[in-house]
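Enquirer: sequence plus predicted model, see below.
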Amino acid sequence: METDPKEVSSTDMFASVEYFVDLVRNGRCTVEELPETLLYITDNEYNEGKTPKEAVSFANSIGWKPKLIFWGVTTMSHSIKEDLKYTPNGLFIGGFNESCLSQILDGINKDSINPEDELWSIYNDIRYSIIN
């Protein structure tokens with residue numbers, strides 16, 4: 001029996017957006033109770049279902065404007081960066097190391113994903129010191 005690899009391995013990444021929108025539409029919570037940021041840890045494989053831009057439009061239909069952050073942990077076989085190019089509140093960060101995760105989590109906490117903030121936090125960390 002032969003199967004389509006997409007049927008077995010593809011993920012509907014934006015089912016989470018649909019779930020949250022349905023919660024609001026069904027009166028189970030308000031837009032203000034929804035998360036401000038969604039972090040997707042991705043293998044960069046092609047996504048089944050909505051594109052990032054369609055997911056944002058769907059979220060916006062109820063007045064929700066979440067940030068979509070994608071941490072790509074493998075070499076890309078599908079360019080998710082291209083999908084995100086015209087997606088409002090979308091950000092792609094690539095690389096498999098703890099500094100990427102630190103930057104993402106620190107940025108979410110400060111409501112800003114900014115590499116400069118991460119560099120300053122490393123510089124100011126007492127675990128590191130300047131060698132004279």
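Expert: Structure's in. What do you need? The model shown is predicted, which means the values in this text are computed figures rather than measured ones.

Enquirer: contacting residues around residue 42?
Expert: By Cβ atoms under 8 Å, 6 or more residues apart in numbering, the residues touching residue 42 are 13, 70-73, 80. C-betas here are computed from N, CA, C, even on glycine.

Enquirer: apologies, that question was intended for residue 17.
Expert: Residue 17 sits next to 38, 50, 55, 58-59, 66 when contact means Cβ under 8 Å, 6+ apart.

Enquirer: ok, which pair from the contacts of residue 42 is furthest apart?
Expert: With distance counted by Cβ to Cβ, no two of the contacts of residue 42 lie farther apart than 13 and 73, which are 13.9 Å apart.

Enquirer: and residue 28, helix, strand or coil?
Expert: Reduced to three states with DSSP: H, G, I helix; E, B strand; the rest coil, the structure at residue 28 is coil.

Enquirer: what domains does the record give for this structure?
Expert: 5-96, 98-132 (automatic domain parsing).

Enquirer: which of those domains has the lowest mean pLDDT?
Expert: Of all the domains of the chain, domain 98-132 carries the lowest average pLDDT, namely a mean of 64.

Enquirer: and the helices in the protein?
Expert: Remark: helices assigned in the chain by DSSP state H are 5-9, 15-25, 52-60, 80-84, 98-110, 115-124.

Enquirer: tally up the residues packed near residue 62, please.
Expert: For residue 62, the count of nearby residues is 16 (other Cβ atoms under 10 Å).

Enquirer: tell me the contacts of it?
Expert: Counting by Cβ under 8 Å, 6+ apart, residue 62 touches 21, 24-25, 31.
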